[in-house]
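Undergrad: One predicted model, sequence on top.
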Amino acid sequence: MPELPEVQALADFLRTRTEGLVVTGVELGSFHVLKTFTPPPEALVGAPVDGVGRFGKFIDLDCGGTHLVFHLARAGWLRWSDAQSATRLRPGKSPIALRVRFDDGSGFDLTEAGTQKRLAAYLVGDPSQVPGIASLGPDPLADDFTEEAFAAILGAHRMQVKGLLRDQSIIAGVGNAYSDEILHVAKLSPFALAATLDDGQVTRLYTALRQTLAHAVATASGKPAKELKDAKRAGMRVHGRTGEVCPECGDVVREVSFADSSLQYCATCQTGGKPLADRRTSKFLK
Ligand SMILES: [Zn+2]
């Protein structure tokens, strides 16, 4: 799933490519992808692209005051074409969920792999009309996201830091991958309780959060859409690297599995050398 750094790079990429262009077509490959009924997709035809922005993991195309907002979810992606296919998209079993065309012949497709269709698009007069945007917590790279503000958020939540970092209504834009990375840099257990962190731990977590995201944004910046997924994977220290060597200490990267996801961490760096309980692996390893 693309997270804040990739979504920011995608938004920057789209802004560069669509500057001065006019929308000439919006086609749906699936009726389910569009979550709003009015205005209809045809309303964008003839509208200029006035801006491209990011809210959490959402991308917002301002087309003459009507906003096409989308969220790529777990298996979605954006595919840009300088020469968009002439084939008109029709709702069916296509992996292409949505196609947008511009007046110079270019365009992009939103694609979604897998059977769980979660990619969502919205046509609204204002981005705040998208429920997922209205409920977003603060952006961790914003200037006013200070250590004091973060400390107040942590202090107000008796929940595990891993879950807190991923909760979009608490902090916008961080998902499963970067929360693993941030906790590894901060040398904190994913299961540590947010409200019980001491001042030193809060400072480490704040610094890790800001630096990890800023570094990933800088790395992703300027890369074309098709290179962002590989760049994200290559930059990971522990996420998705179960069984590999921790780059900090040389211990093995471990995993805890859940029903539909898993987290990776280093026991030496993060949990005092004590592996976290993992019901699934311990059941199979016995
Ligand atoms: Zn380590």
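TA: Right, received. Where do you want to start? Numbering: from 1, shown residues only.
Undergrad: Can you name the next helix or strand after the lengthiest helix in the chain?
TA: Determined from DSSP state H, the single longest helix within the chain is helix 199-220. Helices and strands here follow DSSP states H and E; after helix 199-220, the next one along the chain is helix 225-234.
Undergrad: Pull the distance from the one helix or strand V7 maps to to the chain's centre.
TA: Here V7 sits within helix 4-18, counting by DSSP H and E. Distance of helix 4-18 from the chain centroid (Cα atoms, centre = their mean, to the nearest Å) equals 12 Å.
Undergrad: ditto for stretch 32-52
TA: For stretch 32-52, the distance to the chain centre is 22 Å (Cα atoms, centre = their mean).
Undergrad: and the longest helix of the chain, what does it pack onto?
TA: Packing partners of helix 199-220 (3 or more Cβ pairs under 8 Å, 6 or more residues apart in numbering; DSSP states H and E): helix 4-18, helix 147-155, helix 176-186, helix 225-234. Backbone N, C-alpha and C define where each C-beta goes, glycine included.
Undergrad: what helices or strands is the helix or strand following the second one leaning on?
TA: Secondary structure here is assigned by DSSP H and E; on that basis, the next helix or strand after helix 147-155 toward the C-terminus is helix 161-166. The criterion is 3+ Cβ pairs under 8 Å, 6+ apart, and the helices and strands that helix 161-166 contacts are helix 147-155, helix 176-186.
Undergrad: give me that answer again for 6 Å
TA: helix 176-186 (3 or more Cβ pairs under 6 Å, 6 or more residues apart in numbering; DSSP states H and E).
Undergrad: do the helix it packs on and the ion meet?
TA: No - shown here: helix 176-186 not in contact with the ion (Cβ under 5 Å from the ion), separated by at least 7.4 Å.
Undergrad: tell me the secondary structure for E27?
TA: strand (DSSP: H, G, I helix; E, B strand; the rest coil).
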